[in-house]
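S.K.: requesting a structural model of the entry that follows:
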Amino acid sequence: AFDGDEGSAWYANCQRDTIDETGDPACPVNEHFIGVSVAGTDEWQKWWELVGDGDPECADDNGPVSPMVRCVSVMQSPGYLHYAESLALKRYIGHRCIGADNNGWETVWEIDGVAVGGSWQSLPMVAGGAWRVEVAEPTGEDWKVYEIAFYTDVLCTESERAMAKPGLEMGGPPALTTGWLEEFPRRQCFDGAEDTMCAFNCRGSCSPTEAWAGVDFQGLTSVKCLRVRQIEHIRGSAAGWSPKLTLGRWDGNLWRDSATYDAVPGVWFDTRPGPNSVWRLTNDDGTFSSWMVNEVELYTASDPAGDAARQLSDAEACSDGFRVRGEPLAAGGSDTDLDARLAFDLNLERSE
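M.R.: Numbering: from 1, shown residues only. Sure thing, here's the model as predicted:
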């Protein structure tokens with residue numbers, strides 16, 4: 001596991017080869033571990049010199065801090081039966097130190113239900129760097145999905161999709177999921193092919209929060225639009241789709257619901273705004289350098305409150321019309337919609 005060869009692997013010597021009929025895991029929780037000892041390294045020697053006459057076993061309590069691991073990059077087996085969805089990073093601090101368990105180990109962090117196999121994954125995940133879709137109303141049978149796509153703008157035009165593939169290189173965004181069926185793996189939720197699907201093993205109906213699929217972008221990402229295509233509804237059979245789906249965001253420790261939407265079976269469902277609710281200004285001519293906009297104001301030619309008697313020409317609207325106020329949007333700008341606000345802040349000295 002430390003030889004730099006992704007084709008070789010370390011195996012835990014578990015009690016059984018696979019889960020038994022009672023549902024007990026082959027490898028019990030916290031019975032096995034893989035790690036590194038820094039004793040004898042240059043870093044450890046420097047720390048030991050800093051400790052001096054202090055207590056080397058509990059030096060953190062006295063001031064000097066030992067080498068501390070905070071982040072782990074790991075690639076588990078791609079086989080569903082061979083990877084753990086929950087992982088814990090622990091440090092041996094000895095039996096006499098505060099915070100140690102009966103065996104002298106201190107828990108640095110615990111990751112519950114979001115670890116994956118087949119891809120390099122950095123843990124813990126970045127707050128705002130992972131997003132998911134989960135069932136918000138029960139399905140009639142196992143949840144089945146053709147495709148899921150996440151976007152950074154409200155019109156689903158800037159794609160930030162993660163396409164999960166076994167053996168994804170370090171730094172690539174692995175897909176996340178829970179309980180997926182072996183014959184319909186999670187990567188098929190994000191493979192861009194509408195003739196493949198992923199399915200979730202709920203042993204029948206999937207209850208809210210039980211089945212979900214998402215993407216760890218391994219960096220801060222703002223998802224503002226969602227597209228999902230669930231399985232068709234077949235008359236006379238149990239429904240493998242949910243009428244409501246929830247978009248969730250990882251906050252660094254837990255999943256937080258962002259919004260819940262009404263969904264449909266068999267066709268693409270998306271969260272784009274309704275007709276006549278978004279306007280944009282585009283550069284209809286090429287520029288010799290970056291297009292820069294200091295300020296933008298949009299006006300209507302009639303009272304949006306319903307004063308139909310007062311109609312203005314296009315030219316009159318800017319002087320006598322009604323200014324439209326909404327959420328600033330941009331595509332291809334200096335940095336997402338945050339900088340788009342600079343074009344609406346009434347500050348003529350700055351530009352987007």
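S.K.: mean confidence for the host helix or strand of residue 47?
M.R.: Using DSSP states H and E, residue 47 sits in helix 42-51. Averaged over helix 42-51, pLDDT sits at 71.
S.K.: tabulate the CA atom coordinates of that helix in PDB.
M.R.: Output in PDB follows, covering the C-alpha atoms of helix 42-51 (Å, rounded to 0.1, in the frame of the first residue of the first chain):
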ATOM      1  CA  ASP A  42      14.500  13.100  10.900                       C
ATOM      2  CA  GLU A  43      11.100  14.800  11.700                       C
ATOM      3  CA  TRP A  44      10.700  12.600  14.800                       C
ATOM      4  CA  GLN A  45      14.200  13.300  15.900                       C
ATOM      5  CA  LYS A  46      13.700  17.100  15.600                       C
ATOM      6  CA  TRP A  47      10.500  16.900  17.700                       C
ATOM      7  CA  TRP A  48      12.200  14.700  20.300                       C
ATOM      8  CA  GLU A  49      14.900  17.400  20.700                       C
ATOM      9  CA  LEU A  50      12.200  20.100  21.200                       C
ATOM     10  CA  VAL A  51      10.700  18.000  24.000                       C
END
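S.K.: buried ones in the helix or strand following it?
M.R.: Sequence-wise, the next helix or strand downstream of helix 42-51 (DSSP H and E) is strand 72-75. Buried residues in strand 72-75, defined by neighbour count with 16 or more other Cβ atoms under 10 Å: 72, 74-75. Quick note: C-beta positions are derived from backbone N, CA and C, even for glycine.
S.K.: who does strand 72-75 pair up with?
M.R.: strand 120-123 (antiparallel) (DSSP bridges).
S.K.: need the CA coordinates for the partner strand. PDB is fine.
M.R.: Output of strand 120-123 as PDB, limited to C-alpha atoms (Å, rounded to 0.1, in the frame of the first residue of the first chain):
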ATOM      1  CA  TRP A 120      -7.700   8.400  -5.100                       C
ATOM      2  CA  GLN A 121      -9.600  10.400  -2.500                       C
ATOM      3  CA  SER A 122      -8.300  13.100  -0.100                       C
ATOM      4  CA  LEU A 123      -9.900  13.000   3.300                       C
END
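S.K.: so for that strand, what's the average pLDDT?
M.R.: Strand 120-123 comes out at a mean pLDDT of 85.
S.K.: then stretch 149-157?
M.R.: pLDDT averaged over stretch 149-157 gives 83.
S.K.: contacting residues around stretch 197-205?
M.R.: 138-146, 177-181, 183-189, 206, 210-213, 231, 238, 240 (Cβ atoms under 8 Å, 6 or more residues apart in numbering).
S.K.: restricted to buried residues, select those in ChimeraX.
M.R.: In ChimeraX, this line selects whichever of the contacts of stretch 197-205 come out buried by 16+ other Cβ under 10 Å:
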select :138,139,141,142,143,144,145,146,177,178,179,180,181,184,185,186,187,188,189,206,210,211,212,213,231,240
